[in-house]
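>>> pasted the sequence and its predicted model underneath.
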Amino acid sequence: MTIREFRIEDYEQVIELWQKAHLPYKPKGRDSKEEIERELRARNAIFLVAEEKGKLIGSIFGTHDGRKGWINRVATAPAYQRQGIARTLVTEAERRFRKMGIKIIACLIEDWNTESMVFFEKNGYIKHHNILYFTKREDRDT
């Protein structure tokens, strides 16, 4: 397995991976090819893929605001789950955030996604029961 930076030509394979991993997908908004290209140009994103024999088997997408890193998406192809791929991707994203001087790394997990909660807790993340998340969106696809 190789971990490498996402290339825009990986886009379709990554979207397929996200769908197989049951991650929410906003094709007309934040997950459009154009939006992902824009985020990558802004230089505040870490987008990595795990590849085996030319096939994408995992991905992680993270961003930062200069003081806090956010892990936004971690996905592993169903046939490759529970083999340490997600842990390897998270560890590499954390290393890259630290190299940028980012000392706080966080993730938001929807309340139905208990599998992700268990994963992040096993990897040293602390669940905060007293934080509520608010958003203001232009539209539902954002």
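Arrived safely.

>>> so what's Phe119 closest to, chain neighbours aside?
Ala86 (6.5 Å; CB to CB, 6 or more residues apart in numbering). The way it works is simple: take the backbone N, C-alpha and C, and place the C-beta from them, glycine included.

>>> and the helix or strand hosting that neighbour, average pLDDT?
Using DSSP states H and E, Ala86 maps to helix 85-99. Average pLDDT, helix 85-99: 97.

>>> what's downstream of it, the next helix or strand?
strand 104-107.

>>> by contact count, what packs against that next one?
strand 68-76, helix 85-99 (3 or more CB pairs under 8 Å, 6 or more residues apart in numbering; DSSP states H and E).

>>> can you mark which positions in it are buried?
Across strand 104-107, burial judged by 16 or more other CB atoms under 10 Å covers Ile105, Cys107.

>>> check stretch 37-44 too.
Applying 16+ other CB under 10 Å to stretch 37-44 flags Glu39, Leu40 as buried.

>>> just the CA trace of it, in CSV.
What follows is stretch 37-44, C-alpha atoms only, in CSV (Å, rounded to 0.1, in the frame of the first residue of the first chain):
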residue,chain,number,x,y,z
GLU,A,37,-9.8,21.9,-6.8
ARG,A,38,-10.4,25.3,-5.2
GLU,A,39,-9.7,24.0,-1.7
LEU,A,40,-6.5,22.4,-2.8
ARG,A,41,-5.3,25.6,-4.4
ALA,A,42,-6.0,27.5,-1.2
ARG,A,43,-3.2,25.4,0.4
ASN,A,44,-5.1,24.8,3.6
